[in-house]
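>>> predicted model, plus sequence, below.
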Amino acid sequence: MLKNLFKKKQPLEVINTHGADVALRLMIEIAISDGNLDKSELNLIKKRADEIATEDIKASTIVRKIIEETEESASFYPSIKKINDSYSNKEKIELLNTLWELVNADSVVDAYEESLYLRIAELIKIKRSTANQIKHQAI
């Protein structure tokens, strides 16, 4: 089920734009929001990148490029807009499950990461109660 959401392959030229894989981009946003990219967080990000990597583009290249773009970007609005324009409600909830898994990956729920998770949920028009339900199911 979750694999179908993330199976979309991205051509090389897309990696240089805000249209790159939005789930991976948001995962990176959350992972670096506390100022520390933990090994367990990086492993989840690499796993996601492996799912979208092509023969022409290595997963490490995708991750490196999106991290650079994320650090330079002042907003993740383009990613949020793409999600709202193209994801179904079910896909949004699956995305939130993935994002919460990342928040909880290092077994420490950082306040910055949790706040960003809830903010993303709000921006993609998922009720706070649903976002909290996802959190409590994972615990």
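Received the coordinates, thanks. Numbers count the residues shown, from 1 in each chain.
>>> could you use CA atoms for every contact and neighbour count after this?
OK.
>>> what's the separation between Gly35 and Thr98?
Per CA to CA, to the nearest Å, Gly35 is found 20 Å from Thr98.
>>> the more surrounded of the two?
Thr98 (19 against 10; other CA atoms under 10 Å).
>>> which helix or strand contains the more buried one?
Per DSSP states H and E: Thr98 is located in helix 89-103.
>>> hmm, Val63 is touching Ala49, no?
Yes. Under the criterion of CA atoms under 8 Å, Val63 makes contact with Ala49 at 6.6 Å.
>>> just give me how far the helix or strand containing Arg119 sits from the chain centre.
Here Arg119 sits within helix 111-123, counting by DSSP H and E. Centroid separation for helix 111-123 versus its chain: 12 Å, with CA atoms, centre = their mean, to the nearest Å.
>>> buried residues of the helix holding Thr98, list them for me.
Going by neighbour count (16 or more other CA atoms under 10 Å), the buried part of helix 89-103 is 91-103.
>>> also stretch 110-122?
Buried residues in stretch 110-122, defined by neighbour count with 16+ other CA under 10 Å: Tyr112, Glu113, Glu114, Leu116, Tyr117, Leu118, Ile120, Ala121.
>>> average pLDDT across it?
Mean pLDDT, computed over stretch 110-122, is 95.
>>> show me which positions of the strand or helix carrying Lys65 end up buried.
Here Lys65 sits within helix 59-72, counting by DSSP H and E. Within helix 59-72, the residues that count as buried by 16+ other CA under 10 Å are Ala59, Ile62, Val63, Ile66, Ile67, Glu69, Thr70.
>>> just stretch 39-46 next, same as before
Glu41, Leu42, Leu44, Ile45, Lys46.
>>> got the contact list for it?
For stretch 39-46, contacts defined as CA atoms under 8 Å, 6 or more residues apart in numbering pick out Leu24, Met27, Ile28, Ala31, Ala59, Ser60, Val63, Leu102, Val103, Ala105, Asp106.
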